[in-house]
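Student: Generate a structure from the sequence data that follows.
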Amino acid sequence: MQHFLPSADCPVRNILARLGDKWSILVLVTLDANGTMRFGEIQKSIGDISQRMLTVTLRTLAEDGLLVRTAYPEIPPRVEYRLTPTGKSLMPHVNALVEWALEHLPAILSRRNAEEKRE
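Tutor: Below is the predicted model:
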């Protein structure tokens, strides 16, 4: 039987707490697909993320070393985001999850729908 360490010491819980939110994976996939992007481009690409949530998500991913924020001393200011080597090393795993989700989504939605009808 697999046992996991208490919350503060468990690497699985630690990483999932940071990446398991609603937006982190979408931001990573967006940057992986498009390369270096500006804030507004990321927001437009994702669509339904608020400015506040995107700011928090980008800050968190940068703190974890998954992306880098580069601010250029220009007027108006220009800020760009891109994946770091660590972020790039995560992407094969994230992309496998995305592929799994795309493959299994129709069956999962069908089961959900059937379950809702039974209730």
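Student: buried sites along the helix or strand R13 falls within?
Tutor: Assigned by DSSP states H and E, R13 belongs to helix 11-19. The neighbour-count check on helix 11-19 (16 or more other CB atoms under 10 Å) flags L19 as buried. All C-beta spots, glycine's among them, are computed from the backbone N, C-alpha and C.
Student: And stretch 108-119, by the same measure?
Tutor: In terms of neighbour count (16+ other CB under 10 Å), stretch 108-119 has no buried residues at all.
Student: which residues touch it?
Tutor: With contact meaning CB atoms under 8 Å, 6 or more residues apart in numbering, stretch 108-119 is reached by no other residue.
Student: Start at 112, not 1
Tutor: All right, first residue 112 from here; so that's stretch 219-230.
Student: Convert the C-alpha atoms of that stretch to CSV, please.
Tutor: Output in CSV follows, covering the C-alpha atoms of stretch 219-230 (Å, rounded to 0.1, in the frame of the first residue of the first chain):
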residue,chain,number,x,y,z
ILE,A,219,-16.9,10.7,-19.4
LEU,A,220,-19.5,13.3,-20.4
SER,A,221,-21.8,10.5,-21.6
ARG,A,222,-21.5,8.8,-18.2
ARG,A,223,-22.0,12.1,-16.4
ASN,A,224,-25.1,12.8,-18.4
ALA,A,225,-26.5,9.2,-17.8
GLU,A,226,-25.9,9.6,-14.1
GLU,A,227,-27.7,13.0,-14.0
LYS,A,228,-30.7,11.4,-15.7
ARG,A,229,-30.8,8.6,-13.1
GLU,A,230,-30.8,11.2,-10.3
